[in-house]
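Q: Fold the stuff below for me.
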Amino acid sequence: MEKLVKTQLAYFNTNTTKAVSFRIEQLNKLYQLLVSNEALLEEAIYKDYGKSTFETFQTEFATVYEEIKIAIRDLEQWSAIKPVATDARNAPAKSYQIPEPLGVSLVIGPWNYPYQLSLAPAVAAIAAGCTVILKPSELTANCSAVMAKIINENFEEQYFHVVEGGIAETTALLDQKFDIIFFTGSVPVGKIVYQAAAKNLTPVVLELGGKSPVIIMPDSDLEVTVKRLVWAKYLNSGQTCIAPDYVYVHQSIEQEFLEKVAKEIEKSDYKLENGNFVKIINERNAERVSGLINPDKVYVGGNFNVAERFIEPTVLHGVNWEDKVMKDEIFGPIMAVLTFDDLDTVIKEIKDRPKPLALYVFTKDENIQKKVMGEISFGGGCINDAIMHISNGNLPFGGVGSSGLGNYHGEAGFRAFSHYKGILEKEFTQDSDIKYSPHTEEKLQKMKAAAK
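A: Numbers count the residues shown, from 1 in each chain. Have a look, this model is predicted:
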């Protein structure tokens with residue numbers, strides 16, 4: 001690991017990666033490699049947890065392709081010198097910002113979207129001009145192996161390299177000095193990464209998680225709301241960091257909401273055999289998630305098979321904050337439904353807990369939309385939809401507080417892997433003598449007048 005990092009640092013210091021033409025060339029190369037190896041990548045992810053070709057393209061490739069296309073299109077603009085105004089004390093002069101790559105980057109990817117959440121940050125790092133060491137999750141071993149094959153056989157290790165392995169390899173990587181670390185995963189592991197980075201004062205981007213709430217008001221279009229919400233909740237069997245975790249539905253529409261959810265689940269025909277559902281990543285997680293199901297509160301579903309890593313789409317109703325399902329992020333196909341009659345109470349209950357990665361509100365009332373958006377702190381979200389904000393590469397994506405640190409996607413990703421140098425450029429002209437000795441009362445009064 002030490003040799004690999006030193007090799008990448010030496011290559012970065014040649015300044016090769018700083019040329020915009022080089023970066024665009026590498027992005028095009030990665031794009032072509034992914035397109036030409038889609039079948040191989042699809043086979044690997046199906047082996048890991050039964051993800052279909054349709055869902056793999058929808059939730060993995062489409063986002064990565066979009067990130068690459070946006071970066072190629074806008075990279076000249078992002079990397080250009082950016083002029084800013086010069087203050088009166090320094091006039092006449094030019095002031096500007098120069099974006100520069102941070103250097104050697106470490107990207108640690110998760111298992112739930114093994115391609116999207118590993119490669120999208122790598123795209124941002126390449127666009128910024130960094131070298132990249134990518135460490136995919138060992139839990140999706142087939143995906144990790146195929147990414148290593150495609151990348152390591154086609155890129156020089158001094159520039160872009162995949163390191164496979166588990167905790168030992170990740171720990172060895174974290175012992176090295178990087179210029180930036182990008183991590184996607186759980187809060188506990190995020191804290192370990194943050195502590196490791198702190199030893200070298202290495203900047204980090206942490207994409208974590210948390211319990212992302214949904215608020216459904218009585219004036220929402222329930223047909224549309226339920227269709228969008230059910231899709232978002234059970235996508236990837238609920239193994240999505242921004243999945244709707246729990247739903248606050250106004251008590252006046254609870255029964256209608258539950259009935260429509262049940263019908264939408266039935267209509268969606270979630271089964272492993274038809275490619276419309278995926279397995280839980282492993283038996284340990286299947287056991288954990290199934291243990292959150294209280295049989296007395298099941299409205300729909302509730303059946304599971306830990307050995308088969310299957311939990312059917314489940315809806316729990318009559319839920320409160322004392323229930324086990326409300327203690328931590330669910331990260332599985334369970335929708336927990338709570339009721340409310342006072343929006344201010346809901347807002348307070350959300351704000352009393354760690355800041356969520358996402359929040360979704362369904363209402364036609366613009367005043368309520370503004371109230372929820374303005375009063376609750378969260379990473380990002382949607383009004384009258386769920387999850388889909390992540391698909392817009394022009395929006396920054398990231399958490400706040402315990403749900404994460406920093407943003408990426410589009411220009412936000414470029415910025416995450418860049419440092420902006422502030423430069424003041426002056427000519428060899430005669431300065432005003434106000435800042436120089438002798439320090440007189442007259443000069444002091446002039447400075448005060450100018451400043452005030």
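Q: what does stretch 158-177 contact?
A: 1-2, 4-5, 7-8, 10-11, 17, 26, 106, 108, 122, 126, 131-136, 138, 144-145, 147-148, 151-152, 155, 181, 192-193, 196-197, 200, 202 (C-beta atoms under 8 Å, 6 or more residues apart in numbering). Where you see a C-beta, it was placed from the backbone N, CA and C, and this is true even at glycine.
Q: Keep only those of those that are in helices.
A: 2, 4-5, 7-8, 10-11, 26, 122, 126, 144-145, 147-148, 151-152, 192-193, 196-197 (DSSP state H).
Q: which one is Ile253 nearest to, not counting chain neighbours?
A: With sequence-adjacent residues excluded and distances taken as C-beta to C-beta, 6 or more residues apart in numbering, Ile253 is closest to Pro218, at 5.3 Å.
Q: how much space between that neighbour and Cys130?
A: 49 Å (C-beta to C-beta, to the nearest Å).
Q: Neighbour count: those two, which is higher?
A: Taking other C-beta atoms under 10 Å, Pro218 and Cys130 do not tie; Cys130 has more neighbours (30 against 14).
Q: Next, the buried residues of stretch 141-161.
A: 141-148, 150-152, 155, 157-161 (16 or more other C-beta atoms under 10 Å).
Q: before we move on, back to that, for the buried ones among the ones in helices among the contacts of stretch 158-177, write the corresponding ChimeraX selection.
A: Remark: buried members of these, expressed as a ChimeraX selection using 16+ other C-beta under 10 Å:
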select :4,5,7,8,11,26,122,126,144,145,147,148,151,152,192,193,196,197
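Q: Tell me who's in contact with His419.
A: Pro99, Glu100, Pro101, Leu102.
Q: Put together a markdown table for the residues you listed, with secondary structure and neighbour count on each row.
A: Output for these, formatted as a markdown table (DSSP: H, G, I helix; E, B strand; the rest coil; neighbours: other C-beta atoms under 10 Å):
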| residue | secondary structure | neighbour count |
| --- | --- | --- |
| Pro99 | strand | 18 |
| Glu100 | strand | 14 |
| Pro101 | strand | 25 |
| Leu102 | coil | 19 |
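Q: Reformat the residues you listed as a markdown table; add pLDDT and distance to Ala71.
A: Formatted as a markdown table, the contacts of His419 follow (pLDDT from 0 to 100; distance: C-beta to C-beta, whole Å):
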| residue | pLDDT | distance to Ala71 |
| --- | --- | --- |
| Pro99 | 98 | 13 |
| Glu100 | 98 | 17 |
| Pro101 | 98 | 13 |
| Leu102 | 98 | 16 |
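Q: quick one: which of those is nearest to Lys211?
A: Leu102 (32.1 Å; C-beta to C-beta).
Q: Wait, the closest one touches Phe417, no?
A: Yes. Here Leu102 lies in contact with Phe417, judged by C-beta atoms under 8 Å, at a distance of 5.7 Å.
Q: what touches both of the two?
A: Ala128, Cys130, Ile180.
Q: Tell me how far the first one lies from Pro110.
A: Distance, Ala128 to Pro110, using C-beta to C-beta: 21 Å.
Q: Which one's more surrounded, these two?
A: Ala128 (28 against 23).
Q: any idea how far Gly185 is from that one?
A: When Ala128 is compared with Gly185 (using C-beta to C-beta), they lie 22 Å apart.
Q: Could you do Ala39 as well?
A: From Ala39 to Gly185 the distance is 28 Å (C-beta to C-beta).
Q: neighbour-wise, which of these two wins?
A: Taking other C-beta under 10 Å, Ala39 and Gly185 do not tie; Gly185 has more neighbours (21 against 9).
Q: so where does the residue lying closest to Asn200 once chain neighbours are set aside fall, helix or strand?
A: In space, and not counting its chain neighbours, Asn200 is closest to Lys177: 4.6 Å by C-beta to C-beta, 6+ apart. Here Lys177, judged by DSSP states H and E, is contained in no helix and no strand.
Q: Just the pLDDT at Lys177, thanks.
A: At Lys177, the model reports a pLDDT of 97.
Q: Around Ile167, count how many other residues there are.
A: Ile167 - counted by other C-beta under 10 Å - has 10 other residues nearby.
Q: One more: Asn276?
A: 14.
Q: Relative to Val146, how far out is it?
A: In terms of C-beta to C-beta, Asn276 sits 24 Å off from Val146.
Q: Do you have the strands of the stretch 1-150 of the chain handy? List them.
A: For the stretch 1-150 of the chain, applying DSSP state E, counting those that start in this stretch gives strands covering 82-84, 93-101, 104-108, 131-135.
Q: tell me what the first one is packed against?
A: Yep, that's strand 82-84 we're talking about. strand 93-101 (3 or more C-beta pairs under 8 Å, 6 or more residues apart in numbering; DSSP states H and E).
Q: Need phi/psi at Glu207.
A: phi -110, psi 100 (degrees, to the nearest 10).
Q: Quick check, it in contact with Gly404.
A: Yes. Counting by C-beta under 8 Å, Glu207 does reach Gly404; the two are 5.2 Å apart.
Q: Pull up the overlap in contacts between the two.
A: Gly398.
Q: The two: which is more packed in?
A: When Glu207 and Gly404 are compared on other C-beta under 10 Å, the one with more neighbours turns out to be Glu207, at 27 against 24.
Q: Per-residue pLDDT of the more buried one, please?
A: 96.
Q: Residues in a beta bridge with it, which ones?
A: Thr184, Gly404 (DSSP bridges).
Q: which residues sit in contact with it?
A: Taking C-beta under 8 Å, 6+ apart as the test, what Glu207 contacts is Leu117, Phe182, Phe183, Thr184, Gly185, Cys241, Phe397, Gly398, Gly399, Gly404, Gly406, Tyr408.
Q: Lys47 now?
A: Contacts of Lys47 by C-beta under 8 Å, 6+ apart are Asn142.
Q: how much space is there between it and Glu164?
A: If you go by C-beta to C-beta, the gap between Lys47 and Glu164 works out to 15 Å.
Q: what do you get for Asn320?
A: Taking C-beta to C-beta, one finds Asn320 at 44 Å from Glu164.
Q: Compare neighbour counts for the two and give me the winner.
A: Glu164 (16 against 11).
Q: then stretch 179-190 to PDB, C-alphas only?
A: Taking Å, rounded to 0.1, in the frame of the first residue of the first chain, the C-alpha atoms of stretch 179-190 are listed here in PDB:
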ATOM      1  CA  ASP A 179      -4.400  14.100  -0.100                       C
ATOM      2  CA  ILE A 180      -8.200  13.400   0.100                       C
ATOM      3  CA  ILE A 181     -10.300  10.400   1.200                       C
ATOM      4  CA  PHE A 182     -13.800   9.900  -0.100                       C
ATOM      5  CA  PHE A 183     -15.900   7.300   1.900                       C
ATOM      6  CA  THR A 184     -19.400   6.000   1.400                       C
ATOM      7  CA  GLY A 185     -20.800   3.800   4.100                       C
ATOM      8  CA  SER A 186     -22.100   3.500   7.600                       C
ATOM      9  CA  VAL A 187     -21.700   6.200  10.400                       C
ATOM     10  CA  PRO A 188     -19.600   3.900  12.600                       C
ATOM     11  CA  VAL A 189     -17.100   3.200   9.800                       C
ATOM     12  CA  GLY A 190     -17.200   6.800   8.700                       C
END
